[in-house]
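# Show me the folded form of this:
(chains A and B)
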There are 2 protein chains.
Amino acid sequence: MTDPRPRDNDPEDDDFVPARALVAEVVEAIDAGDAAGLNALLEPVHGADIADLIEQLPPHRRREFIRLYSGEIDAEILTEIDESLREEVIEQLPREVVAEAVREMDTDDVVDLLEDLDPPEREQILAALDAEDRVAVEQSLTYPEYSAGRLMQSEVVTAPQHWTVGETIDFLRREDWLPDQFYHVILVDPRRHPVGYVTLGRLLSAQRTTRLADIAEDSFRTIGVLQDEGDVAYAFNQYHLISAPVVDADDRLVGVITIDDAMGVLDEEHEEDMLRLSGVNEESHVSDGAFATARQRLPWLVVNLFTASLSAIVISRFEDTISSLVMLAALMPIVASTGGIAGTQSLAVAVRALATRDLTSSNARRVVRRELFAGMLNGMGLALILGLAGTLIFGDPKLGMVLAMAMIVNQIVAALGGVLVPLTLERLGLDPALASGTFVTTLTDVMGFLAFLGLATVILL
Amino acid sequence: MTDPRPRDNDPEDDDFVPARALVAEVVEAIDAGDAAGLNALLEPVHGADIADLIEQLPPHRRREFIRLYSGEIDAEILTEIDESLREEVIEQLPREVVAEAVREMDTDDVVDLLEDLDPPEREQILAALDAEDRVAVEQSLTYPEYSAGRLMQSEVVTAPQHWTVGETIDFLRREDWLPDQFYHVILVDPRRHPVGYVTLGRLLSAQRTTRLADIAEDSFRTIGVLQDEGDVAYAFNQYHLISAPVVDADDRLVGVITIDDAMGVLDEEHEEDMLRLSGVNEESHVSDGAFATARQRLPWLVVNLFTASLSAIVISRFEDTISSLVMLAALMPIVASTGGIAGTQSLAVAVRALATRDLTSSNARRVVRRELFAGMLNGMGLALILGLAGTLIFGDPKLGMVLAMAMIVNQIVAALGGVLVPLTLERLGLDPALASGTFVTTLTDVMGFLAFLGLATVILL
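Reported below is the predicted structural model:
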């Protein structure tokens, strides 16, 4: 249970977080209304870090910051600011600053930005783009949210496969619209179907007379424009892709997705899994206020209020038992809460394995069987400890036996519930992480109280 | 609470999971001992998917599969197999197959493989490498586990910054040791200090006479060889890096880390956070047996056995109260369990925000204040529902008041505990996810029972 990884004692010693001292100086410059000082302080700071800094400021300082710094807010900063704050920031920026920033962006970043805006602001930003980019962005917005079509950029470097390396390099030297970053030349046939790709490293190290077809990569994968972004991220991670061509229903090339976008999606999906599993289903961000935070969390709390009533109903059926042996009321949460932990463990492992496709219909049966045995093993181990302790402390071997037996039952229920609930949700086409702890802990609470009080009624009274 | 993302009804319809039908055919071929059939079936399958397939087979079929398929197991499959199975697989493979696979690997993958092996097997594999690679691998192994030094590959493409594009391309065409994938030419000074880099896209689109110094990227970041791999992954995600040079203490270039490795680390760190938060601290994998699974989960279960005893002690202090009003025993878990959910929510948000560096010492105070208010708000909302329900169902406004007040107290404790526990661990230099649900639910259980029974004693008796 110790952490094997080296960690700094001060987590902010790691170069990658704007140092606390810098944040303090920025705050000082904001409060002094010192625009020049602010520019000087932030001159060496990466746009992504400036975006983080904006997110971490309290709302009144954020407004003041944007007023003082608006001239410097560029495509990079705007792209990196969290979705929850973008609309607020864009509203406060002068129109021409937004227009200039948007013109600098790749089309996939513009799409990402527009998704969060209301129609009038969307129009305003679309109007700032040049005609070609506008068409690409509008096309992208016709694809469903969270699809590959929304994630791709339309700037693609292609070449016919009969070209030589020399012809391709001459072509690249002539073109001035090339994307900032690209990693492959995609080979297309005359009807713009992608047929392979050549890495830039290969292109650079091959002789000018070599034909592209001869240095194309062996493995080649296209992504359907309607594919879910989560599947896209999985494919990048699984197959170590750097970029992948996106094709429409006719298998025609419509764009390209690069690994940095896929990495962003992977990160969001993880966040979603972790938060959902813990009963936070809506997007939440550190810059949200108390009201927004409370609202995000209330739904599962209310659900839990009702599910917890099930436990209360179960317990109330045993009021006579508790009346005659009040210490049962003190002991019953032990069995229930240990079951809750076991259920949460089993649930987290199953949700993760489903996300990484390690748990599939091919091995589900075996994994469920494993959980059953693991639950039995731990149930017996915990039963031994609890049973002995109960016997020794209360001098009553029967009570020890009740504790032990209830523990075994509940551990098995927990282990099975933890894996069967997400498997069932997955089979129903729902997100397995939606199960959240609530279902499983309700199950283990109810079963824990029922097993303990039921066995106590039969054995002790 | 509904899932906004499009999902397939059958999650295995998504191209990226070996179809169930294929797995069934593979199993059939294994059981028939049909090596040729197996080869034919797996011919079109990517190495990463074959590795997943191996992981999903039950142990006896896995052994048989390896026996039948050993000739085809190459660098890719071996690299992709989960750490928990690698030693087992390598032991079963003929020596020459392993040697051949290892010679094909990049040095970072060899390092990754060796980390999990015992010294005699390590030696055997090192012996299979050519001298230069062996030196690089042994050097890499001298760096601490989970450091950048373990993650980097030593094959680096460098050029002096006074070279022209033409000279660089000619150099690349002459060299035959170039890595499979590379994305930058790193510019170094005569003492091998990296001073910038040029993307391959730029190199390809610039004229032959252009000097490298003139097309180098503006922003340039090196990574210290001792930097924690988690920080490296963060930097790649934050700054959209594709590859980054690794330098030693003298700022001399020793290797390069590419984004696919960083993406793998990000994925592992997420897994670790999610599992730890749920009380599974050791690495766990779907191929683990029941005994291994039980052992991984037992520690926190035993801890919980003891922490749950605290709740039992608290409740036992109120035996007189419960004796005189037994239904209190039935109602008390409602307050406790709703507190548990709120604590888990707050904890998950805080652990995630610490991992993404959105929660830092600059805004910790504000986030804690927000949690306090959010806890109060939800506490009041839930108190209203529960208080009214209690009053109506039991016809006792005093009981309703006890339920309501206890709920408010416990929601505040939960919200604060969820954020303060991980913040404290982080400040102590520990992993905030180590908090796991256990600490926080113990806190909310104890406080829930204490507040409810304490208030009941004062107000109702």
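# measure stretch A:215-235 end to end?
The first and last residues of stretch A:215-235 sit 23 Å apart, counting by CA to CA, to the nearest Å.
# quick one: average confidence on that stretch?
The average pLDDT within stretch A:215-235 is 91.
# now stretch A:387-405
96.
# domain parsing for chain A?
Split into domains by the TED database, chain A comes to A:20-141, A:158-277, A:292-460.
# ranking those domains by burial, who's on top?
domain A:292-460 (a mean of 22; mean count of other CB atoms under 10 Å in any protein chain shown). (Glycine included, C-beta is placed from N, CA and C.)
# mind listing the helices for the stretch 251-400 of chain A?
Applying DSSP state H, counting those that start in this stretch to the stretch 251-400 of chain A gives helices spanning A:259-277, A:290-316, A:319-324, A:327-355, A:364-394, A:397-427.
# Summarise which helices and strands the fifth one is packed against.
The reference is to helix A:364-394. helix A:327-355, helix A:397-427, helix B:290-316 (3 or more CB pairs under 8 Å, 6 or more residues apart in numbering or on different chains; DSSP states H and E).
# and after the second one, which helix or strand comes next?
Towards the C-terminus, the helix or strand next in line after helix A:397-427, according to DSSP states H and E, is helix A:436-460.
# Point out where chain A drops to low pLDDT.
Scanning chain A for pLDDT under 70 picks out A:1-18, A:435.
# can we see that at 50?
A:1-13 (pLDDT under 50).
# how about the helices and strands packed on helix A:364-394 in a markdown table, adding distance to A:Val45?
As requested, these are arranged in a markdown table below (distance: least, CB to CB, whole Å):
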| stretch | distance to A:Val45 |
| --- | --- |
| helix A:327-355 | 34 |
| helix A:397-427 | 42 |
| helix B:290-316 | 41 |
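# For B:Gln153, find the nearest of these.
Proximity to B:Gln153 (CB to CB) singles out helix A:327-355 among the helices and strands packed on helix A:364-394, at 27.9 Å.
# Just want the angle from that closest one to helix A:290-316.
Calculated by axes from the mean of the first three to the mean of the last three CA atoms, to 10 degrees, helix A:327-355 forms an angle of 130 degrees with helix A:290-316.
# Contact partners for A:Gln181?
By CB atoms under 8 Å, 6 or more residues apart in numbering or on different chains, the contact list for A:Gln181 reads A:258, B:199, B:201, B:242.
# Of all the helices and strands packed on helix A:364-394, which one is nearest A:Gln153?
Checking these against A:Gln153 by CB to CB gives helix A:327-355 as the closest, at 26.1 Å.
# And chain B, is that closest one touching that?
Yes. Using CB under 8 Å from any CB of the partner chain, we find that helix A:327-355 touches chain B at A:327, A:329-334, A:336-338, A:340-342, A:344-349, A:351-354.
# sorry, back to before: so can I have a markdown table of the domains of chain A showing distance to B:Asp180?
Shown next, in a markdown table, are the domains of chain A (distance: least, CB to CB, whole Å):
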| stretch | distance to B:Asp180 |
| --- | --- |
| domain A:20-141 | 27 |
| domain A:158-277 | 8 |
| domain A:292-460 | 25 |
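# Among those, single out whichever gets nearest to B:Leu68.
For the domains of chain A, the distance to B:Leu68 is smallest for domain A:292-460, at 18.3 Å, taking CB to CB.
# Count the residues that sit near A:Thr142.
If you count neighbours by other CB atoms under 10 Å in any protein chain shown, A:Thr142 ends up with 9.
# coming back round to it: compare the helices and strands packed on helix A:364-394 and report which one is nearest to B:Glu83.
Checking these against B:Glu83 by CB to CB gives helix B:290-316 as the closest, at 13.1 Å.
# Remind me what that closest one packs against, helices and strands.
helix A:327-355, helix A:364-394, helix B:436-460.
# Could you check how far A:Tyr143 is from chain B?
To chain B, A:Tyr143 is 11 Å away according to CB to the nearest CB, to the nearest Å.
# Same check on A:Leu114?
Distance from A:Leu114 to chain B, by CB to the nearest CB: 17 Å.
# Skipping adjacent residues, who's closest to that residue in space?
A:Arg122 (5.2 Å; CB to CB, 6 or more residues apart in numbering or on different chains).
# Next one: the one you found from A:Leu423, what distance?
41 Å (CB to CB, to the nearest Å).
# what do you get for A:Arg208?
From A:Arg208 to A:Leu423 the distance is 56 Å (CB to CB).
# Same check on A:Ile259?
For A:Ile259, the distance to A:Leu423 - CB to CB - is 31 Å.
# got it, and A:Glu269?
The value you get for A:Glu269 to A:Leu423, if CB to CB is used, is 19 Å.
# Kindly report the same for A:Tyr143.
30 Å.
# ok so, going back, how about the residue nearest to A:Leu114, phi and psi?
Reported as degrees, to the nearest 10, the phi and psi values for A:Arg122 are phi -60, psi -50.
# Wait, it touches A:Leu113, no?
No. The criterion here is CB atoms under 8 Å, and A:Arg122 misses it with A:Leu113 at 9.3 Å.
# Surely A:Arg366 and B:Pro58 touch.
Yes. Counting by CB under 8 Å, A:Arg366 touches B:Pro58, with 6.0 Å between them.
# Name the nearest residue to the residue of the stretch 51-200 of chain A found nearest chain B, sequence neighbours excluded.
When distances are taken as CB to the nearest CB, the stretch 51-200 of chain A reaches nearest to chain B at A:Leu200, 3.7 Å away. Leaving aside its sequence neighbours, A:Leu200 sits nearest to B:Leu200 (CB to CB, 6+ apart; 3.7 Å).
# which residues does A:Glu25 contact?
A:Glu25 makes contact with A:Leu41, according to CB under 8 Å, 6+ apart.
# Need the three-state assignment for it.
Following DSSP: H, G, I helix; E, B strand; the rest coil, A:Glu25 is assigned to helix.
# so how far is A:Val45 from it?
If you measure A:Glu25 against A:Val45 using CB to CB, the figure is 11 Å.
# try A:Gln153
Taking CB to CB as the measure, A:Gln153 falls 26 Å from A:Val45.
# quick revisit: any common contacting residues for A:Arg122 and A:Leu113?
Common neighbours of A:Arg122 and A:Leu113, using CB under 8 Å, 6+ apart, do not exist here.
# hmm, back to that, let me know the closest of the contacts of A:Gln181 to B:Ile459.
The closest of those to B:Ile459 turns out to be A:Thr258 (CB to CB; 63.1 Å).
# which residue packs closest to that closest one, ignoring adjacent ones?
Using CB to CB, 6+ apart, the nearest residue to A:Thr258 is A:Ser243, at 4.6 Å.
# got the residue ranges for the strands in the stretch 101-250 of chain A?
In the stretch 101-250 of chain A, the strands defined using DSSP state E, counting those that start in this stretch lie at A:158-160, A:184-188, A:194-199, A:223-224, A:243-247.
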